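> requesting a structural model of the entry that follows:
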Amino acid sequence: MIEAVIFDVDGTLVDTVDQHAKAWQRTFAHFGHDIDFGAIRSQIGKGGDQLMPVFLSKGEVERRGKEIEHYRLELFKRDYLPHVQGFPKVRDLFERILRAGKRIALASSAKGEELDAYKKAANIADIVEEETSSDDAARSKPYPDIFDAALARLKLAPERAAVVGDSPYDAEAAGRAGLETIGVLCGGFAEADLRKAGAAEIFRDPADLLANLERSLIWRKERATGSVR
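Numbering: from 1, shown residues only. Sure, this is the predicted structure:
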């Protein structure tokens, strides 16, 4: 039986994928690199530790990685974070899950202060039980560290939880942690890419998941064990 749902945040609960890609593109330009927006966008969902090596040499990441990531973070906080909006029906989805006696955790590659702003944007700050951020993981997605940390906070085995995420990196990281993933398309990643990375089910967005929640693997596994009447 699924006892908890672990949610990614960026692109899953809040509409931030394009904003992160723009911030990274501007950051790379500031440090002398003209990089295509689409190429950067395809990597959003990873933390900076995994994203920078895609575009920069190992030497530059080692020499200037912390400086680059700090610049990106400050730029994002100043120009983009104040305008972040949550996707529709996120709070309704969370309340429905909680009413069913299940628990909720957030697992995000964002920094802690970004995560606080996202919870406010999605109107869920008062109903999130557990959360993990990049501060809790040595390596960001697609490594499983953030999901391992969430499971540790929940004190659950992987088969007792499921992940909801928008990127292939969510599905890949969840799979490495032994978790099944429900993919959502609101982050802009293709359904085929989510399925290839291991997503078991696909929904358009949180509102679509809410409308079909009892047909999702979160509920269906309960029916299979006879625990839902």
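> show me where the chain dips below the pLDDT cut-off.
221-229 (pLDDT under 70).
> can you give me the strands in it?
4-7, 103-107, 130-132, 161-165, 180-184, 201-203 (DSSP state E).
> which one of those is the most hemmed in?
Most buried of the strands of the chain, by mean neighbour count (mean count of other CB atoms under 10 Å): strand 161-165, with a mean of 28. C-betas here are computed from N, CA, C, even on glycine.
> what pairs with it, parallel or antiparallel?
strand 4-7 (parallel), strand 180-184 (parallel) (DSSP bridges).
> in JSON lines, list those strands along with distance to Glu129.
Conversion of those to JSON lines gives the following (distance: least, CB to CB, whole Å):
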{"stretch": "strand 4-7", "distance to Glu129": "9"}
{"stretch": "strand 180-184", "distance to Glu129": "19"}
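> Phe28 is nearest to which of those?
strand 180-184 (27.6 Å; CB to CB).
> need the contact partners of that closest one.
12, 162-166, 170-171, 174-175, 189, 191, 194-195, 197-206, 208-209, 216-218 (CB atoms under 8 Å, 6 or more residues apart in numbering).
> buried subset of those?
Among the contacts of strand 180-184, those buried by neighbour count (16 or more other CB atoms under 10 Å) are 12, 162-166, 170-171, 174-175, 189, 194-195, 197-203, 205-206, 208-209, 216, 218.
> of those, which belong to helices?
Among these, DSSP state H puts Asp170, Ala171, Ala174, Gly175, Leu194, Arg195, Ala197, Pro206, Asp208, Leu209, Ile218 in helices.
> domain-wise, how is the chain divided?
4-15+85-225, 17-82 (automatic domain parsing).
> deepest-packed of those domains, please.
domain 4-15+85-225 (a mean of 20).
> pretty sure Gln25 contacts Ala39?
No: the pair Gln25 and Ala39 does not pass the contact test of CB atoms under 8 Å, sitting 9.2 Å apart.
> right, and Ile6 touches Arg160 too?
No: contact criterion CB under 8 Å: Ile6 and Arg160 do not qualify, at 10.7 Å.
> quick one: residues contacting Asp15.
Listed by CB under 8 Å, 6+ apart, the contact partners of Asp15 are Val84, Gln85, Gly86, Phe87, Cys186.
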